[in-house]
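S.K.: I would like the atomic coordinates for the input below:
(one chain, ligands or ions: 2)
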Amino acid sequence: MADRLGQLNVRFHNLPAPLTPLVGREQEVAAVCALLRHPEVRLLTLTGTGGVGKTRLGLEVGTNLLADFADGVCFVPLAPMSDADLVIPTIAQALGIKEAGERTFADLLQAQVREKRLLLLLDNFEQVLAAAARLSALLADCPQLKLLVTSRAVLHIHGEHEFPVPPLALPDLAHLPESEALAAYAAVTLFLHCAQAARPDFQATPANIRAIAEICVRLDGLPLAIELAAARVKLLPPQAMPPYGSKPCAACLRGAIICSMPRSNGSSGGSPSLCAAAPWKRWKVFIRHSAKGQQRCWTGWPPSSTRACCDHRSRRGRSRACSCWRPSASMG
Ligand SMILES: Nc1ncnc2c1ncn2[C@@H]1O[C@H](COP(=O)(O)OP(=O)(O)O)[C@@H](O)[C@H]1O
Ligand SMILES: [Mg+2]
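M.R.: Ligands and ions are numbered 1, 2, ... in the order given. From the prediction side, this is the model:
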């Protein structure tokens, strides 16, 4: 089978089709596309905490730029790996380049991409930051190549441009608009979409819309957390969801929500791993998979302090059990 780049005049892409509609992000998509169309921008890194929507934004940008890259847009997921040495072979494989004789993947990649107008979307680069220098070399050898990278951290290489991905648009709780206007905020819209996916008869009403807005604000407009919170409408109306109306419990809800995520590689293991951090003011959330595959979560401040699920530790190091949240069957 000929490699994909061998078909010189065929524009290709392997971008996965999204399963849900993109909410908001009009300005970010336009801004990132404009940056990548700029001749001087060769490497653009979408940064932000886990779950803020980097991958989703990158995929949308890649789709929008298909007409700008005559040789295609190639999505290269790096989440499953932690070995920086595998980055170049993984890119080559995503492009359909096969091993040939003694030549290294780096050689083959440079030889085949050198003249191509190609956009590579490298997803989850924070796993393999040590490979950043290899991207510099690739860009130097392939003058028409551009890289769009998603990463929790910048790569710190020459010529890198950073685009910090903001949370979804949120209403101001101090000046909440009328119910109908609230649904125009992307965070609220995402909650409604996800709630309706979980419970088809779910509707925004004057009775629940303020609670929804408040949950979105307390989750800092983070799409992943909003998706997971909205799925709970199967069990509870938004007005009854913790931590509605109760500030200290926000950390607990966030922790519980984030920790209901499966590990990205689906494995279970004994030691807690950091699965989210940052937008909630330096709280760190850990997940541990028990031998039976059950998940328990801990939130910590500082990271060494761990408390069982539903406990959380204040900034001053005081720990207290939180009464507003009970782990439910849905948390696994
Ligand atoms: N603008 C958006 N509209 C709809 N869903 C979104 C949006 N942004 C993110 N999501 C969803 O939120 C979740 C987390 O987004 P993702 O792009 O994977 O975050 P990140 O790559 O920053 O960890 C995914 O399920 C994604 O589909
Ligand atoms: Mg991602």
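S.K.: In the stretch 101-250 of the chain, which residue sits closest to ligand 1?
M.R.: residue 223 (3.4 Å; CB to the nearest ligand atom). Every residue, glycine included, has its C-beta placed from N, CA and C.
S.K.: List of residues touching the host helix or strand of residue 133?
M.R.: For residue 133, the element it lies in under DSSP states H and E is helix 132-141. Residues from elsewhere that reach helix 132-141 (CB atoms under 8 Å, 6 or more residues apart in numbering): 42-43, 84, 87-88, 91, 106, 109-110, 113-114, 122, 125, 145, 147, 149, 155-159.
S.K.: Would you mind listing the buried residues in that helix?
M.R.: Of all the residues in helix 132-141, those buried under the rule 16 or more other CB atoms under 10 Å are 132, 134-136, 138-139.
S.K.: Wait, residue 237 touches residue 205, no?
M.R.: No. Residue 237 is beyond contact range of residue 205, at 9.6 Å (criterion: CB atoms under 8 Å).
S.K.: Going by how many neighbours each has, rank those two and give me the top one.
M.R.: residue 237 (16 against 11; other CB atoms under 10 Å).
S.K.: Now for that one: which residues touch it?
M.R.: Here residue 237 is in contact with 208, 211 (criterion: CB under 8 Å, 6+ apart).
S.K.: rerun that using 10 Å as the cut-off
M.R.: When contacts are counted by CB atoms under 10 Å, 6 or more residues apart in numbering, residue 237 touches 195, 202, 205, 207-208, 211-212, 244.
S.K.: Please identify, among these, the one with the most neighbours.
M.R.: Neighbour counts for those (other CB under 10 Å) peak at residue 212, which has 29 neighbours.
S.K.: Pretty sure residue 96 sits against residue 74.
M.R.: Yes. Using CB atoms under 10 Å, residue 96 is in contact with residue 74, at 9.2 Å.
S.K.: So if I had to pick from the two, which one is more boxed in?
M.R.: A count of neighbours by other CB under 10 Å puts residue 74 above the other of residue 96 and residue 74, at 23 against 17.
S.K.: on that earlier part again, from the contacts of helix 132-141, which land in helices?
M.R.: 87-88, 91, 106, 109-110, 113 (DSSP state H).
S.K.: got CSV for these, with pLDDT and neighbour count too?
M.R.: Below are these laid out as CSV (pLDDT from 0 to 100; neighbours: other CB atoms under 10 Å):
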residue, pLDDT, neighbour count
87, 96, 23
88, 95, 21
91, 95, 24
106, 89, 16
109, 92, 24
110, 91, 18
113, 93, 23
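S.K.: Let me have the residues you listed in TSV, extended by distance to residue 66.
M.R.: Output for the ones in helices among the contacts of helix 132-141, formatted as TSV (distance: CB to CB, whole Å):
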residue	distance to residue 66
87	24
88	24
91	19
106	27
109	21
110	24
113	17
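S.K.: possible to save these as a markdown table with distance to ligand 1?
M.R.: Below are the ones in helices among the contacts of helix 132-141 laid out as a markdown table (distance: CB to the nearest ligand atom, whole Å):
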| residue | distance to ligand 1 |
| --- | --- |
| 87 | 18 |
| 88 | 22 |
| 91 | 19 |
| 106 | 27 |
| 109 | 25 |
| 110 | 28 |
| 113 | 25 |
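S.K.: so where is the stretch 101-250 of the chain shaky, pLDDT-wise?
M.R.: The stretch 101-250 of the chain contains residues with pLDDT under 70 at 242-250.
S.K.: the strands in the stretch 51-200 of the chain, which residues?
M.R.: Along the stretch 51-200 of the chain, counting by DSSP state E, counting those that start in this stretch, strands occupy 73-77, 119-123, 146-151, 160-164.
S.K.: so can I have JSON lines of those strands showing distance to residue 33?
M.R.: Below are these laid out as JSON lines (distance: least, CB to CB, whole Å):
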{"stretch": "strand 73-77", "distance to residue 33": "12"}
{"stretch": "strand 119-123", "distance to residue 33": "11"}
{"stretch": "strand 146-151", "distance to residue 33": "10"}
{"stretch": "strand 160-164", "distance to residue 33": "11"}
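S.K.: Please dump those strands into CSV; it should also carry distance to ligand 1 for every row.
M.R.: Formatted as CSV, these follow (distance: least, CB to the nearest ligand atom, whole Å):
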stretch, distance to ligand 1
strand 73-77, 11
strand 119-123, 7
strand 146-151, 6
strand 160-164, 11
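S.K.: Nearest to residue 175, out of those strands?
M.R.: strand 160-164 (25.7 Å; CB to CB).
S.K.: List the contacts of the closest one.
M.R.: Here strand 160-164 has contacts from 28, 31-32, 35-36, 38, 40-49, 52, 54, 57-58, 61, 132, 135-136, 139, 147-151, 154-156, using CB under 10 Å, 6+ apart.
S.K.: let's see it at 7 Å
M.R.: 32, 35, 41, 43-48, 154 (CB atoms under 7 Å, 6 or more residues apart in numbering).
S.K.: same check, this time on stretch 56-66
M.R.: In contact with stretch 56-66 (CB under 7 Å, 6+ apart) are residues 11, 13, 15-16, 18, 22, 25, 28-29, 32-33, 36, 46, 73, 75, 119, 121, 123, 148, 150, 165.
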